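S.K.: Give me the fold of what follows.
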Amino acid sequence: MKFFILAYKNLKRRKSRSFLTIGGVAVAVAVLVSLLGFNAGYQEALTSDVDKMGYQVVVTAKGCPYEAATMILNGEAGLRFIDEDIYKQITSDPDINKI
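M.R.: Model (predicted):
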């Protein structure tokens, strides 16, 4: 009990420091809440925009994914071998633009 009385007296004795500390904590909480809200809104908007775009399929040869990524980034033509069943499945989809 004496601890709380001592703390209260110290708060009363140094009013300016107490108000500055309380103000700093309040500003920090407000910034944290606003940034978390901004982040949630940004993530929701990004997710909905990506969902509206549909899908894109890149068919590459089996192997190292870094090799395929390098070929795509350099604009090189990679191997384009797929099974005929998969080809028919892809071409039958009405959302496919170009093969």
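S.K.: in what helix or strand does Y8 lie?
M.R.: helix 2-13 (DSSP states H and E).
S.K.: brain fart, A26
M.R.: Judged by DSSP H and E, A26 forms part of helix 15-53.
S.K.: Following that helix in sequence, what is the next regular element?
M.R.: Following helix 15-53 toward the C-terminus (DSSP H and E): helix 65-74.
S.K.: State the mean pLDDT of that following helix.
M.R.: Summarised as a single mean, pLDDT over helix 65-74 is 74.
S.K.: Using PDB, list the CA coordinates for it.
M.R.: Taking Å, rounded to 0.1, in the frame of the first residue of the first chain, the C-alpha atoms of helix 65-74 are listed here in PDB:
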ATOM      1  CA  PRO A  65      12.900 -23.200 -60.400                       C
ATOM      2  CA  TYR A  66      15.800 -20.700 -60.500                       C
ATOM      3  CA  GLU A  67      16.600 -21.800 -64.000                       C
ATOM      4  CA  ALA A  68      13.000 -21.200 -65.100                       C
ATOM      5  CA  ALA A  69      12.900 -17.900 -63.400                       C
ATOM      6  CA  THR A  70      16.100 -16.800 -65.100                       C
ATOM      7  CA  MET A  71      14.900 -17.900 -68.500                       C
ATOM      8  CA  ILE A  72      11.600 -15.900 -68.000                       C
ATOM      9  CA  LEU A  73      13.500 -12.800 -66.700                       C
ATOM     10  CA  ASN A  74      15.900 -12.900 -69.600                       C
END
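S.K.: Report the distance from that helix to the chain centre.
M.R.: Offset of helix 65-74 from its chain centre (C-alpha atoms, centre = their mean, to the nearest Å): 24 Å.
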